[in-house]
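>>> okay, sequence plus prediction incoming.
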Amino acid sequence: MTAHIIDGNAIAAEVRREVATGVTSLLAAGGEQPGLAVVLVGNDPASHVYVANKVRQTDTVGMRSFRYDLPADVSERDLLSLIGRLNADDAIHGILVQFPLPQHIDSRRVVATINPEKDVDGFNPLNVGRVATGMMDVLTPCTPLGVMRLIRSVHDDIAGLGALVIGASNVVGRPMAQLLLEAQCTVSIAHIRTTDLAARCRQADILVVATGVPDLIRGADVKPGATVIDVGITRVDQPSGKSRLVGDVIFDEAVKVAGAITPVPGGVGPMTIACLMANTLSAARAAAARAVSALHYVIRTRESVGLDDASVRNLYSDDEYVRQKHPRSVLCLPVVKQTKLVGALYLENNLTPYAFTPDRVAVLEASQAAISLENTRLYSEVQRENTERKRAEEELRRSDAYLAEAQRLSRTGSFGWNVATGEIIWSDETFRIFDYDKAPSVTVDMVVQRTHPDDRAAVQQTIDRAARDGKDFSHEYRLLMPDGSVRYIQAVAHATKDAPRHVEFVGAVTDVTATRRAEEALRQSQAELAHVTRLTTLGELTASIAHEVNQPLATIVTNGEVCLRWLAREVPDLAEVREALRDMISNGRRAGGIIQRLRALSKRTETQKVGLDINNAISEMIPLVHQEALGRRVSLRLELAPALPAVLGDRVQLQQVIINLIVNGIEAMAPVTDRSRDLVVRSQLDDSGQVLVAVEDSGVGIDPGNAKQIFNAFFTTKPSGMGMGLSICRSIIENHGGKLWATRNAGPGATFQFALQPHQEPRS
Ligand SMILES: Nc1nc2c(c(=O)[nH]1)N[C@@H](CN(C=O)c1ccc(C(=O)N[C@@H](CCC(=O)O)C(=O)O)cc1)CN2
């Protein structure tokens, strides 16, 4: 009688069919497609074949396979890091690292790293321990699992049978013994060093041989009728040069004694991969079971879960909550905001199934969608506002920078002053102008302190008035800087009122020091030039003036001689002498007056404006030009209006203008031979109340082509003239706030005239 040959290939196919069905049910129950990751390190040819088979069978049963081929020299760290990533990947339910691994990799560390829940090889110490403690609903090593299935194919019940496992490896022998023990066999473990191995074998109802030693067990070692499972697979070379697979049992002998026996190949081997498929399905189911909570499922997948009748067994039946509360209808929806899951909406009804009709679900989903849309709109609005705000801030920052630069360049700072609160804000440039370190608060006192002592009272007055009246103000004053230098400041401010007593000033302070210094320098130059031109004019008049002085001196001398003669008479004529002496004094005074005026004109003095009688100023100049006019046969006439108001002016400067206009007039008449040479100096009050002085001649007049240039500096029609006279006259008059101009007469000649405001005496 020969033994029943257990067909591993057929049973493995059966297992695969069962797995495929299980996968379909899992998917139908809302579970995820099981995924198996197979990691192959190196180039072992047999391992390549096994891995290829594993991948192929995984796909065949409807599961997903993920294959990772690593080089033989991959570091243990990289391998462990890959396992870490696979552990974390929800799409992968089973992880398998093909053995053997290269020497440099610690296999124990590798199996220990695999997540026990994904350890479809069952090699992780936690799973090994669970099996050893009789926990059978855990992942169990594939080969022993396959062996048990083969045994069960020939035994309905093996409880009480004697089982001998030869080989104590972690992969087969030890877990094999645990499974047989769990099936209530009387289990012994032997190995190749066991002394009475044959005798022990002969007692075993079930003999599992897993030593890797070909032909270790002979037919005589087998208990008649026993079930022999040959796990060993060794490729041995044949004398023909070919190789063949052999097991640990001499099949041809044992098949004659045993009740049932597995062949090699075609026995245990195929079961290993089939059980790997079964383990992967178990792992996926366990994962689904862990996610049995509808809430967890929704959170993980962001998909809605609806249970029309939760009392009917479903994917979530094992959920602790469902088991305790027995809801009839359940609806759970994800709450998503900006593509992020922010929560879940869980609704249940404990009274009736089908409580959540598709209409109601649609409304809820629509509300959720509406909320999401609204959130999206709000979010994009906030984004847009943020972008706009950032752009506005950037523009503001840039414009602030431009303003600061412009303030620096123009030396103009800005300020704000809230009168009620006393708060003052200065720009950086204002701090620079006042030479204070930047400070969070500014006070009026800081302004007053920095003001030049001579200007302080006026500045304080301006500030007080501004605070009281709340009106715009403009004030120029000086600062006395810490280094003793003086700065000229022009402050202007505009008042804004948003309530009767709430006045705020916005203003600017400009450092006008450079301008004031330039103006001063210009004034100095003009004064010097005026002085030079004055001397030049007087120089031109030297002969006439000398004659004018000489005349009274000659008269004095003549009178002196006459006096001497009258005194030398026997009876001196004292009355005549007295008369002559009076005449001498008068002439002496006349000459002295001319000299005095000459000295005044030739002196270089600072401008001194006083209230003066313009007629008097004109009259004083006549003696200086009188002789010149006579010499040039010019009739000089004065038409001075009486009782003119005084003008505010510098006597010397105004007399310079008068003498200049007279000399110009005399010179303009030099070429005139066909008519009288008349020069009239006139003063009057014009219609607008201004004091007008006009010098009218009957000379050659003004060439229309030159009319616009005659007051320009360096313009002259005289061959030896410097061309500064009229230009300086105009600037003198303008410095007095007046106006100088020239007109052509209706008849021959021209009239040069200037107008000055009458002097208002300050009220005491
Ligand atoms: N990580 C693992 N590595 C290895 C295991 C394992 O279970 N997990 N077992 C063996 C190799 N192995 C599966 O990986 C395996 C061995 C043999 C067979 C098989 O079908 N054998 C056939 C003969 C095949 C042939 O012609 O070579 C048979 O016995 O009929 C499948 C899988 C070591 N590594």
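Okay, I see it.

>>> what segments of the stretch 1-150 of the chain are strands?
4-5, 35-41, 64-70, 94-97 (DSSP state E, counting those that start in this stretch).

>>> looking at those strands, which is closest to the ligand?
Minimum separation from the ligand across the strands of the stretch 1-150 of the chain (Cβ to the nearest ligand atom) falls at strand 94-97, 5.4 Å. Using the backbone N, CA and C atoms, a C-beta is placed for each residue, glycine as well.

>>> flag the shaky bits of the stretch 351-500 of the chain, pLDDT-wise.
Scanning the stretch 351-500 of the chain for pLDDT under 70 picks out 500.

>>> excluding chain neighbours, what is closest to the residue of the stretch 1-150 of the chain found nearest the ligand?
Nearest to the ligand in the stretch 1-150 of the chain, going by Cβ to the nearest ligand atom, is F99, at a distance of 3.7 Å. Leaving aside its chain neighbours, F99 sits nearest to S107 (6.7 Å; criterion: Cβ to Cβ, 6 or more residues apart in numbering).

>>> sorry, back to before: reformat the strands of the stretch 1-150 of the chain as CSV; add distance to R682, mean pLDDT and mean neighbour count.
Output for the strands of the stretch 1-150 of the chain, formatted as CSV (distance: least, Cβ to Cβ, whole Å; pLDDT from 0 to 100; neighbours: other Cβ atoms under 10 Å):
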stretch, distance to R682, mean pLDDT, mean neighbour count
strand 4-5, 155, 97, 14
strand 35-41, 120, 98, 24
strand 64-70, 119, 97, 17
strand 94-97, 123, 97, 28
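
>>> would you list those in a markdown table and tack on distance to the ligand?
Formatted as a markdown table, the strands of the stretch 1-150 of the chain follow (distance: least, Cβ to the nearest ligand atom, whole Å):
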| stretch | distance to the ligand |
| --- | --- |
| strand 4-5 | 13 |
| strand 35-41 | 9 |
| strand 64-70 | 13 |
| strand 94-97 | 5 |
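
>>> number of residues surrounding the residue nearest to F99?
Neighbourhood size, S107 [other Cβ atoms under 10 Å]: 15.

>>> just the pLDDT at G247, thanks.
pLDDT, G247: 97.

>>> count of neighbours near it?
Using other Cβ under 10 Å, G247 has 31 neighbouring residues.

>>> quick check: the gap between it and G232.
Relative to G232, G247 is positioned 5 Å away (Cβ to Cβ, to the nearest Å).

>>> between these two, which contacts overlap?
Residues touching both G247 and G232 (Cβ atoms under 8 Å, 6 or more residues apart in numbering): V209, P214, V264.

>>> neighbour-wise, give me the winner out of the residues you listed.
Busiest of those [other Cβ under 10 Å] is V209, holding 28 neighbours.

>>> beta-bridge partners for that one, please?
In this structure, V209 has the following beta-bridge partners (DSSP bridges): I166, D230.

>>> which one's the longest helix in this protein?
Assignment by DSSP state H gives helix 358-410 as the longest helix of the chain.

>>> the residue nearest to F99 reaches I114, doesn't it?
No. Assessed by Cβ atoms under 8 Å, S107 is found out of contact with I114, at 11.1 Å.

>>> shared neighbours, those two?
The overlap between the contact sets of S107 and I114 (Cβ under 8 Å, 6+ apart) is empty.

>>> follow-up on the earlier one: work out the gap between the helix or strand that the longest helix of the chain is followed by and the centre of the chain.
Using DSSP states H and E, the helix or strand that follows helix 358-410 in sequence is strand 412-418. Taking Cα atoms, centre = their mean, to the nearest Å, one finds strand 412-418 lying 28 Å from the centre of the chain it belongs to.

>>> which parts of strand 412-418 are buried?
Judged by neighbour count using 16 or more other Cβ atoms under 10 Å, the buried positions of strand 412-418 are T412, G413, S414, F415, G416, W417.

>>> residue contacts, the fourth one?
Read it as F415. I424, I425, W426, S427, T430, V442, A493, F505, V506, G507, A508, V509.

>>> ok, the third one next?
Shown here is S414, whose contacts under the criterion Cβ under 8 Å, 6+ apart are Q407, W426, S427, E429, T430, V506, G507, A508, V509.

>>> would the last one count as being in a strand?
Yes. Secondary structure of V509, determined by DSSP: H, G, I helix; E, B strand; the rest coil: located in a strand.

>>> quick check: it vs the ligand, distance?
Applying Cβ to the nearest ligand atom, to the nearest Å, the value for V509 to the ligand is 87 Å.

>>> report the contact partners of that residue.
T412, G413, S414, F415, T430, I433, I489, Q490, A491.

>>> now the residue of the chain positioned farthest from its centre: how far from the ligand?
Most distant from the centre of the chain: E570, at 117.7 Å, with distances by Cα atoms, centre = their mean. For E570, the distance to the ligand (Cβ to the nearest ligand atom) stands at 173 Å.

>>> now the residue of the chain found nearest the ligand: closest residue in space, sequence neighbours ignored.
Here the chain gets closest to the ligand at one residue, G269, 1.9 Å apart by Cβ to the nearest ligand atom. In this structure, G269 finds its nearest non-sequential neighbour in I233, 5.8 Å apart by Cβ to Cβ, 6+ apart.

>>> check what pLDDT the residue nearest to G593 when sequence neighbours are not counted gets.
Spatial nearest neighbour of G593, excluding adjacent residues (Cβ to Cβ, 6+ apart): P623 at 7.0 Å. For P623, the pLDDT comes out at 90.

>>> before we move on, the earlier item: of the buried residues of strand 412-418, closest to I614?
T412 (41.8 Å; Cβ to Cβ).

>>> so that closest one sits against V492, correct?
No. Using Cβ under 8 Å, T412 is not in contact with V492; the gap is 9.8 Å.

>>> any buried residues in the helix or strand of the chain with the lowest mean pLDDT, and which?
Ranking every helix and strand in the chain by mean pLDDT, DSSP states H and E puts helix 320-325 at the bottom, with a mean of 72. Buried positions in helix 320-325, judged by neighbour count with 16+ other Cβ under 10 Å: Y321, V322.

>>> contacts made by it with the rest, please.
With Cβ under 8 Å, 6+ apart as the test, helix 320-325 has contacts from V292, S293, A310, Y316, S317, V330, E348, N350.

>>> and the residues you listed, which of them are buried?
Among the contacts of helix 320-325, those classed as buried by 16+ other Cβ under 10 Å are V292, S293, A310, Y316, V330, E348.

>>> for those residues, give me TSV that also has pLDDT.
As requested, the buried ones among the contacts of helix 320-325 are arranged in TSV below (pLDDT from 0 to 100):
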residue	pLDDT
V292	58
S293	75
A310	79
Y316	78
V330	85
E348	83
